Every structure is written in C-alpha cells, then in structure tokens.
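In: Quick one, structure for this:
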Amino acid sequence: MDVERALSVAAILVVVLAVAAAWIGILRRQVRERTKQLQREIAEHEKTEARLAEEKKLVQAEIEERRRIEAEVERGHGNY
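Out: As a prediction, this is how the structure comes out:
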C-alpha cells in the first residue's frame, strides 16, 4: 500500500513537473517574441527620432535664413 501511494505521488509530481516545464517553455517563447517585437519598435522609434532631428535642423536653418533675409530687407528699407 505504501509503495502504491509513493508511486501515485511520484506520478502526480512528474505530471506537475511536465506541465510546469511546458508552461515555462510557452512563457519563454512569448518573451522571445515580445522582445523581438519591442526591438523592432525601438529601431523604428530611433529611425523616427533621427528623421525628426534632421527635419528640426532643416526647419531651424529655414528660420535662420528667413531672419537673415528679414534683417537684410529692414536694412535695405532704412537706406531710403
């Protein structure tokens, strides 16, 4: 009777361990997939930030050019 009980407990533990191992495997796969997804998103955000930085430089250069032209125009009007 004690041997049968011990075997039953051992069988239950083996099943629990197998289920736990399967669950761990599923979770690891999900983590890998999510990590890849987040890495793609980060790369896309970095590209977007780089494009925005470049656009910002262009806009700032345009603003400076307009200011320069306005100052020239103002100086030109002052001569008349």
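
In: Alpha carbons of stretch 61-70, in CSV - could you do that?
Out: Output of stretch 61-70 as CSV, limited to C-alpha atoms (Å, rounded to 0.1, in the frame of the first residue of the first chain):
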residue,chain,number,x,y,z
ALA,A,61,18.0,76.6,-40.9
GLU,A,62,15.0,77.9,-42.7
ILE,A,63,14.1,80.1,-39.7
GLU,A,64,17.6,81.5,-39.6
GLU,A,65,17.6,82.1,-43.3
ARG,A,66,14.2,84.0,-43.1
ARG,A,67,15.5,86.0,-40.2
ARG,A,68,18.6,86.9,-42.2
ILE,A,69,16.5,87.9,-45.2
GLU,A,70,14.2,90.0,-43.0
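
In: quick one: it to chain centroid distance?
Out: Per C-alpha atoms, centre = their mean, to the nearest Å, the displacement of stretch 61-70 from the mean C-alpha position of its chain is 37 Å.

In: Check stretch 5-23 too.
Out: The answer for stretch 5-23 is 39 Å, by C-alpha atoms, centre = their mean.

In: Just the residues contacting that stretch, thanks.
Out: Residues outside stretch 5-23 that contact it (C-beta atoms under 8 Å, 6 or more residues apart in numbering): none. Every C-beta, even on glycine, is put in place using the N, C-alpha and C of the backbone.
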